[in-house]
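Chemist: Predicted model and sequence follow; I will ask about them next.
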Amino acid sequence: MPRARVLIRPKEGILDPQGKAVERALPALGFEGIEHVRVGRMVELEAEDPERLGELCEKLLANPLIEDYEIEQLDGAA
Amino acid sequence: MRWGVLQFPGSCDERDALQACRRTGSEARLIWHEERDLDGIDAVVVPGGFSYGDYLRAGAIARFSPAMEAVSGFAAEGGPVLGICNGFQVLCEAGLLPGALLLNESMRFTCRQLDLIAAGGERLSIPAKHGEGRYFAPDEALDALEANGQVAYRYAPGQNPNGSARDIAGVRNEAGNVVGLMPHPEHAVDPLTGSTDGLRVFEAVAAAGTAA
């Protein structure tokens, strides 16, 4: 079955406290010069009908009000 | 008057909600998440907790349960629905209420007694306990909520525990029969725990249904 990966992240402009916390922790570990950290989710799945993944994202995997998503087809599919 | 209180795997405040409904002088029973039958139910509580483990996003899975499908129909017909905490998140995910609840600005789970100001100006002392209670909606949507009188509860000035937009603690739908809030009125129904103001929230929802 075709494999796909869905990346979900907080929409631009929405405060992401997790990203901020990660960002603030970095200098203590010696990582300087890293900014604008955003923490999201990644969902891997196999879909018989990859055409329907957009609908799946809109209805369940992401909340379009607060999150953006990207669908990445694996296995070299279009 | 008979209340139905939904119970999902992971709910944890349904019994306090039952107790609160009964203390308003009504009957109340639990409705398991696989039930679809709301016959004889006059008002519904979607209670707090961690339905389905809060997997994916708080409320995202509960929204598709048979009981919630029934509640959507019930709400569409004007039936009164009260969503508390996780129940508020479920109602937003289900599209029965506008907006979304995000991770608290502080990144900390908050648990404290605080003051709410109801739309009518009444001040209520009610506890809040949540990690994802930061109310969000786009600015235009917030303007519309305020213009339509859909902001049901605000945190009293200086007491916003989570970074919610415009201090919003709870909202109602346009028709006024569906109300959701993050703080827990069902935990403020006995003088032993410091306040009985929570009963006012249940009474207001019941009255919204009676008026419909």
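Modeler: Happy to help now that I have it.
Chemist: Now do the contacts for the nearest residue to residue B:50 once chain neighbours are set aside.
Modeler: Residue nearest to residue B:50 in three dimensions, not counting chain neighbours: residue B:10, with 4.3 Å by Cβ to Cβ, 6 or more residues apart in numbering or on different chains. In short, each C-beta sits where N, CA and C put it, glycine included. Listed by Cβ atoms under 8 Å, 6 or more residues apart in numbering or on different chains, the contact set of residue B:10 reads B:49-54.
Chemist: Quick one: distance of the longest helix seen in chain B to the chain centre.
Modeler: If you go by DSSP state H, chain B has its longest helix at helix B:198-211. Centre-to-centre, helix B:198-211 and its host chain are 12 Å apart (Cα atoms, centre = their mean, to the nearest Å).
Chemist: re the thing from before, top of the contacts of residue B:10 by number of neighbours, please.
Modeler: residue B:51 (29 neighbours; other Cβ atoms under 10 Å in any protein chain shown).
Chemist: That one contacts residue B:9, correct?
Modeler: Yes: when contacts are counted by Cβ atoms under 8 Å, residue B:51 is listed as touching residue B:9 (7.1 Å).
Chemist: Find the residues that touch each one of these two.
Modeler: Residues touching both residue B:51 and residue B:9 (Cβ under 8 Å, 6+ apart): residue B:33.
Chemist: Can you check which helix is longest in chain A?
Modeler: Under DSSP H, chain A gives helix A:17-25 as its longest helix.
Chemist: Go through the helix or strand just after that helix and flag the buried ones.
Modeler: Counting by DSSP states H and E, the element after helix A:17-25 in chain order, helix or strand, is strand A:41-46. Going by neighbour count (16 or more other Cβ atoms under 10 Å in any protein chain shown), the buried part of strand A:41-46 is A:43, A:45.
Chemist: Fine by me, we can end here.
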